[in-house]
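Visitor: what shape does this take:
(2 chains)
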Amino acid sequence: MDKDDNTTKERREFLRLLGGAVALGGAAFGLNALIGEAIASVAAVPSEPAIAGYDWTKHRWAFAVAGERCIGCLRCVEACKLENDVALDPNHFRTWVERYAYLEGAREPRIDSQSDPRDVAAAGSGGEYRFDDRYRDAQVDQAFFVPKLCNQCEHPPCVEVCPTGATFKARDGVVLIDQTYCIGCQYCVQACPYGARYLDPRKGVADKCTWCYHRITKGLEPACVEICPTHARIFGDLNDPEAEVSRFIRSRRVEVLKPETGNGPQVFYTGINKDVS
Amino acid sequence: MTPDLFAHAAPYVGYVYPNETVIPWSLLIVVYPYITGLVAGAFIVSSLYHVFGMQQFRPIARFALLTALCFLLFAPLSLLIHLGRPERALHAVLTPHWTSAMAAFGYIALFYLVVLALEIWFAFRADIVAMARSARGALRPFYRALTLGSDDVSPNALAWDHSWARALAIIGIPSAAGLHGYVGFIFGSLKSREWWSSDLMPIIFLLSAIVSGVALLAILYVAVWKARRVELERDCLGGLAKVMWAFLTVTLVVEALEYVEMFYRAREGIGTIEHLIEGPLRSGLLIQALCSVVAFAVLSALVARKTPGARDVGWLVFSASLLMIAVLAMRWNVVIGGQELSKTMKGLLTYRPELLGREGILTSLFLLFGPLFALWLLARLLPPWLPPRAASV
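Guide: Okay, the predicted model is just below:
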């Protein structure tokens, strides 16, 4: 009898504890579901910025780069820095240009950008941009320039990792940053595989290319597009099938950078090769 | 002119994206996972007694809880100082963006802090009540407040304390593991960084965390008990050596797997990874590897020998110190190494910490040694020592 009593007691206690554990697990599960719902609701696009006469549901912006047209003059970098108040140093860029040079007999390209110390020295200061003529006496098999900027990804990892939601994807496709809400943790800087983001040292918040959102919402082109002397940068609205960017993407064999990330980059390139990433 | 322009930029070889010349996560983010790791490890030691009933850890079980709390209080500080806009830190807690691996950090850390604080309260309640009765001056109201109005120290009440402390310790284990595995996830889940992007990252973080936390406790146990002129208990020392050895073994295996897999898969850019290992990260990896292997050898000998030797305490502290250095080096190698490898996979950067400045070496030293000062203070307010007799019971 005694033994049975003990067994019953033990059973009761075990069941009580099991109940507690199940309740705890249930609570955790509930919390999980709640978080799932929260993710679904928060991941939705935040309210539209108040821009007079602009409806962000009416546009789907896209950017194309005709790499073969770029001459590496870097006017785009200069225009971007001035238009968007980017620090005039060699370490912060919303857009930049890369130079690829295949020397005779070499298997790998030599790559530099305008922020390479030798190019900065050639330009004379951190606020001016120029490629030096280091290959003047070299035998070059092939060389080209590649303009880079934010890819405004379809599935932006920078937005995914932002702990406050300060950065978000607008309905028109552009990834924006609410710099009054950013805490400056730089998780987004880490998450961007293209190196498009940086911490603005003067404001303590993240910054990046917005395709000149303040201009495109007024019907203007991004500063880099407007200034490009060879029309290597093409910008427009995919909702308009006759827009130049739509025709360019439709008629040319375009590529995107690092498609394997699954981010769905929205800058479409021609005139690049396997070494560009 | 040019050298000045690049004074604050990380020097590089090969090709790196222009924005990469400023390293986003610097020394403080090396310190942060190190500190949380110590929390997790110290907590595990206390749980070995409270949950697993390993009596040899009884002398340090409560001391381990206080250690965990002190380090936990400093962990968020390193994140806070690192933020570009620290005054907005609460945005991440008040309006969390749930898709972010970072968003839940505040909640998980807070939950763990509450569990830890409660466990400490139950573990110390009888002492607090006693001190509220005997303390003089300003301390009296302090202890009285700390009792939270519960001054029942009947055997029945003490049994309740004990079972509550145990229950909290049981909840605390997954919390501690979760908190630190989560830190590893913040790094491991980023597909943009080849050096971080690994499923093993949270596991490596967690295991090495436990190693470092147990090592810290071993050092503190010997140092503090010697300073107090209290005899060290052989069982406790032996237990610490065994726990350290066991977790170190698994850590080393998993870390080795990580490297072997990386080189066996040999994905695009593996050549640059080789240059990283031979270049900017060479000293860091050497320190980590040498310290781990020597500590492993010493600990293996300590665990294997049947009759304890006279100098075992010295060897234990020696290997524990090596492990604390090894794990700190591991944090550096992960956090800094990941950013020294350019996202282009065609170039390498070199990060050099600054001495002064917000994220400099001095701040890091403050964050690393601050918890020890806090522990000294807290141990005076809530002495975790057992009565000399009770220890042998």
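
Visitor: okay, residue A:187 and chain B: tell me how far apart.
Guide: 6 Å (Cβ to the nearest Cβ, to the nearest Å). All C-beta spots, glycine's among them, are computed from the backbone N, C-alpha and C.

Visitor: flag every buried residue along stretch B:10-19.
Guide: Across stretch B:10-19, burial judged by 16 or more other Cβ atoms under 10 Å in any protein chain shown covers B:10, B:12, B:14, B:15, B:16, B:17, B:18, B:19.

Visitor: of all pairs in those, which one is the farthest apart?
Guide: Greatest spacing in those, by Cβ to Cβ: B:14 and B:19 (15.8 Å).

Visitor: and the helices in chain B?
Guide: B:2-5, B:27-50, B:58-82, B:91-94, B:105-134, B:139-146, B:155-188, B:201-227, B:234-265, B:270-278, B:282-304, B:312-340, B:361-381 (DSSP state H).

Visitor: got those helices as TSV, with mean neighbour count and distance to residue A:10 columns?
Guide: Shown next, in TSV, are these (neighbours: other Cβ atoms under 10 Å in any protein chain shown; distance: least, Cβ to Cβ, whole Å):
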stretch	mean neighbour count	distance to residue A:10
helix B:2-5	13	75
helix B:27-50	27	22
helix B:58-82	23	26
helix B:91-94	17	43
helix B:105-134	18	25
helix B:139-146	15	37
helix B:155-188	19	16
helix B:201-227	24	33
helix B:234-265	17	30
helix B:270-278	16	56
helix B:282-304	17	36
helix B:312-340	22	40
helix B:361-381	16	39
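
Visitor: mean pLDDT for those helices: which is lowest?
Guide: Mean pLDDT is lowest for helix B:2-5 out of the helices of chain B, coming in at a mean of 66.

Visitor: how about the strands in chain A?
Guide: A:61-66, A:96-103, A:110-113, A:140-148, A:167-169, A:175-177, A:198-200, A:205-207, A:233-237, A:267-270 (DSSP state E).

Visitor: just the buried residues of stretch B:10-19: which are in strands?
Guide: Those of the buried residues of stretch B:10-19 lying in strands (DSSP E): B:12, B:14, B:15.

Visitor: with adjacent residues omitted, what lies nearest to the second one?
Guide: The shortest distance from residue B:14 to any residue that is not its chain neighbour, by Cβ to Cβ, 6 or more residues apart in numbering or on different chains, is 3.1 Å, and that residue is residue B:347.

Visitor: quick check: domain ranges of chain A?
Guide: Using automatic domain parsing, the domain parsing of chain A gives A:1-44, A:61-152+A:211-270, A:158-207.

Visitor: ranking the ones you listed by mean neighbour count, which comes first?
Guide: domain A:158-207 (a mean of 22; mean count of other Cβ atoms under 10 Å in any protein chain shown).

Visitor: between its first and last residues, how far does that domain reach?
Guide: 11 Å (Cα to Cα, to the nearest Å).

Visitor: all helices of chain A, in order?
Guide: A:2-42, A:75-83, A:117-123, A:157-161, A:187-191, A:213-216, A:223-227, A:244-251.

Visitor: want to throw those into TSV with mean pLDDT?
Guide: Conversion of those to TSV gives the following (pLDDT from 0 to 100):
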stretch	mean pLDDT
helix A:2-42	71
helix A:75-83	97
helix A:117-123	94
helix A:157-161	97
helix A:187-191	97
helix A:213-216	97
helix A:223-227	98
helix A:244-251	98
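
Visitor: so which of those comes closest to residue B:208?
Guide: Taking these one by one with Cβ to Cβ, helix A:187-191 is closest: 21.0 Å.

Visitor: what helices or strands is that closest one leaning on?
Guide: helix A:157-161 (3 or more Cβ pairs under 8 Å, 6 or more residues apart in numbering or on different chains; DSSP states H and E).

Visitor: could you report the pLDDT at the closest residue to residue A:84 other than its chain neighbours?
Guide: Of all residues not flanking residue A:84 in the chain, residue A:94 sits nearest, at 5.7 Å (Cβ to Cβ, 6+ apart). Per-residue pLDDT puts residue A:94 at 98.

Visitor: what of residue B:305?
Guide: On the pLDDT scale, residue B:305 gets 87.

Visitor: and it, its phi and psi?
Guide: phi -70, psi 140 (degrees, to the nearest 10).

Visitor: now do the contacts for residue B:81.
Guide: By Cβ atoms under 8 Å, 6 or more residues apart in numbering or on different chains, the residues touching residue B:81 are B:28, B:358, B:359, B:363, B:367.

Visitor: surely the fourth one touches residue B:26?
Guide: No - contact criterion Cβ atoms under 8 Å: residue B:363 and residue B:26 do not qualify, at 10.2 Å.

Visitor: pull up the residues of the stretch 151-300 of chain B that are close to chain A.
Guide: Residues of the stretch 151-300 of chain B lying close to chain A by Cβ under 8 Å from any Cβ of the partner chain are B:171, B:186, B:190, B:191, B:192, B:193.

Visitor: the last one: neighbour count?
Guide: In other words, residue B:193. 19 (other Cβ atoms under 10 Å in any protein chain shown).

Visitor: any idea how far the residue nearest to it when sequence neighbours are not counted lies from residue B:13?
Guide: Excluding the flanking residues, the one nearest residue B:193 by Cβ to Cβ, 6+ apart is residue B:338, at 4.8 Å. Look at residue B:338 and residue B:13: by Cβ to Cβ, to the nearest Å, they are 17 Å apart.

Visitor: which among the contacts of residue B:81 gets closest to chain A?
Guide: Nearest to chain A out of those is residue B:358 (Cβ to the nearest Cβ; 10.6 Å).

Visitor: residues contacting that closest one?
Guide: residue B:81.

Visitor: leaving aside the residues next to it on the chain, what's closest to the closest residue to chain B within the stretch 51-200 of chain A?
Guide: Per Cβ to the nearest Cβ, residue A:184 is where the stretch 51-200 of chain A lies closest to chain B, at 2.0 Å. Spatial nearest neighbour of residue A:184, excluding adjacent residues (Cβ to Cβ, 6+ apart): residue B:84 at 2.0 Å.

Visitor: from the ones in strands among the buried residues of stretch B:10-19, pick the one nearest residue B:280.
Guide: Using Cβ to Cβ, those come closest to residue B:280 at residue B:12, 9.4 Å.

Visitor: could you measure from the closest one over to residue B:383?
Guide: In terms of Cβ to Cβ, residue B:12 sits 53 Å off from residue B:383.

Visitor: neighbours around residue B:356, how many?
Guide: Residue B:356 has 9 nearby residues by other Cβ under 10 Å.

Visitor: again with the one 4 residues further on
Guide: By the criterion of other Cβ under 10 Å, residue B:360 has 15 neighbours.

Visitor: that one touches residue B:28, doesn't it?
Guide: No - judged on Cβ under 8 Å, residue B:360 makes no contact with residue B:28 at a distance of 9.0 Å.

Visitor: what residues does stretch A:265-277 touch?
Guide: By Cβ under 8 Å, 6+ apart, the list of residues contacting stretch A:265-277 reads A:61-70, A:98, A:100, A:108-109, A:111, A:144, A:146, A:149-154, A:173, A:194, A:248-249, A:252-259, B:344-345.

Visitor: in the stretch 201-350 of chain B, what residue comes closest to chain A?
Guide: residue B:343 (5.4 Å).

Visitor: and that residue, how far from residue A:147?
Guide: In terms of Cβ to Cβ, residue B:343 sits 18 Å off from residue A:147.

Visitor: what residues does the stretch 151-277 of chain A put near chain B?
Guide: So far as Cβ under 8 Å from any Cβ goes, the stretch 151-277 of chain A lies against chain B at A:157, A:159-166, A:181-187, A:189-199, A:201, A:203-206, A:261-262, A:277.

Visitor: hang on, the earlier thing: OK, contacts around the residue nearest to residue B:14?
Guide: So residue B:347 contacts B:12, B:13, B:14, B:15, B:16, B:272 (Cβ under 8 Å, 6+ apart).

Visitor: what's near enough to touch the fifth one?
Guide: Spelled out, it's residue B:16. Counting by Cβ under 8 Å, 6+ apart, residue B:16 touches A:195, B:342, B:343, B:344, B:346, B:347, B:348, B:349.
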